[in-house]
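1. below are the sequence and a predicted model; questions follow.
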Amino acid sequence: MRGGIVADHPGPQVPVKSHGRRPLPLRVGTRGSPLALWQTRAFLDLVTRFCPVLRNVNAFEEHVIATSGDQIQDRRLADIGGKGLFAKEIHEALLDGRIDFAVHSLKDLETEMPPGIVLACTLKREDARDALILGPHCGAPDPSDPFAALKAGALIGTASLRRQAQLLHARPDLRVAMIRGNVGSRLAKLAAGDADATLLALAGLKRLEMADRASVVLDAEAMVPAAGQGIVGVTVRASDIELHELLAGIEDREARAVSRAERALLAALDGSCRTPIGGHARLLPNGELHLTGLVARPDGSFLLKRSIHGAAADAERIGLELGDNLRADSPADIFAG
């Protein structure tokens with residue numbers, strides 16, 4: 001490829017016209033949690049396998065950036081500005097030119113990117129399901145009835161309104177307490193007796209080699225995951241065409257389709273950060289895309305869940321259609337405030 005990078009990835013071969021003249025190292029922004037660092041290093045490994053010329057110890061430079069979402073641990077995200085607080089400072093560094101791209105858990109990205117920032121790449125999805133982790137005083141797990149091990153009035157630790165709403169809808173007798181922090185700190189709080197059980201994304205447990213901590217893996221139709229759960233997303237400046245072209249070559253096509261459907265669902269619902277919303281898309285054996293969406297009240301007193309399917313090429317339209325459908329049939333107070 002004249003004037004570009006030769007790629008050895010089995011996917012599309014995408015020229016990057018002048019990247020060979022771009023100064024190295026390329027600077028990648030990330031949160032500092034063990035999971036965020038794992039995701040960033042997995043992404044960089046994929047990039048270097050795609051582009052042999054970047055197999056250089058000085059090709060990349062990690063920039064760990066403390067975000068508001070990480071620094072404020074005593075309040076729900078809904079009370080301090082929403083999940084976008086996990087990306088705010090990282091995207092400021094991107095716009096300022098202090099980093100060249102940023103790696104995120106896609107579920108932590110706001111639906112509408114800040115001006116000048118684009119979601120350039122989504123990587124192969126890990127298992128999107130949630131896992132129930134039982135404390136030492138719970139009964140034995142039963143996969144056929146995952147909440148049966150929770151005694152009446154058990155205290156569940158979670159900061160997720162989506163998880164809370166679905167849990168309370170199924171078991172109104174349960175109590176919920178806020179537990180925030182990274183995977184390790186939340187498991188430590190559970191072990192210390194701060195709650196009887198908690199819920200975590202199975203993807204994070206798998207990536208941190210802690211999948212054995214899951215007492216029960218919850219079916220994605222029974223406990224609808226967060227939109228984007230299990231997918232790593234990479235953002236860059238909208239003007240950086242070189243990195244757009246590079247990242248297009250490593251994007252996972254299935255992750256792109258399902259994430260477009262799920263994020264379009266969020267955009268159509270346009271709920272406040274206090275609106276429990278779930279969205280999970282998957283490709284069927286016939287190639288069609290199946291999308292399940294959910295809206296609820298935080299206390300579980302209202303929950304609406306519906307599914308739709310169609311051509312994967314119409315992922316965004318499918319998401320918008322289901323979102324409009326859910327919004328039309330939900331009480332007005334669901335989306336207020």
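-> Cool, got the structure. This structure is a prediction, so every number in the text was calculated from the model and none was measured.
2. would you map the strands across the stretch 151-300 of the chain?
-> Remark: strands assigned in the stretch 151-300 of the chain by DSSP state E, counting those that start in this stretch are 155-157, 175-177, 197-201, 216-217, 232-237, 277-283, 288-296.
3. the shortest one - which strands sit beside it in the sheet, and in what orientation?
-> Neighbouring strands of strand 216-217 in its sheet, by DSSP bridges, are strand 130-134 (antiparallel).
4. tilt between the partner strand and strand 277-283?
-> In terms of direction (axes from the mean of the first three to the mean of the last three C-alpha atoms, to 10 degrees), strand 130-134 departs from strand 277-283 by 120 degrees.
5. between the strands of the stretch 151-300 of the chain, which one is nearest to F50?
-> Of all these, strand 232-237 sits nearest to F50, with 12.7 Å by C-beta to C-beta. Heads up, the C-betas are built off the backbone N, CA and C, glycines and all.
6. out of the strands of the stretch 151-300 of the chain, which comes closest to N58?
-> With respect to N58, and counting by C-beta to C-beta, the nearest of these is strand 232-237 at 20.4 Å.
7. centre of the chain to that closest one, how far?
-> Its chain's C-alpha centre and that of strand 232-237 lie 13 Å apart, by C-alpha atoms, centre = their mean, to the nearest Å.
8. against which helices or strands is it packed?
-> Contacts defined by 3 or more C-beta pairs under 8 Å, 6 or more residues apart in numbering; DSSP states H and E place strand 232-237 against helix 34-50, helix 88-95, strand 101-105, strand 117-122, helix 241-248.
9. highest mean neighbour count out of those?
-> Burial of the helices and strands packed on strand 232-237 is given as mean neighbour count (mean count of other C-beta atoms under 10 Å); strand 101-105 ranks first at a mean of 24.
10. any idea of the mean pLDDT in that one?
-> Strand 101-105 comes out with an average pLDDT of 95.
11. stretch 36-51 now?
-> On average, the pLDDT along stretch 36-51 is 93.
12. likewise stretch 179-198?
-> Stretch 179-198 comes out with an average pLDDT of 90.
13. any idea how far apart the tips of that stretch sit?
-> Counting by C-alpha to C-alpha, to the nearest Å, you get 8 Å between the two ends of stretch 179-198.
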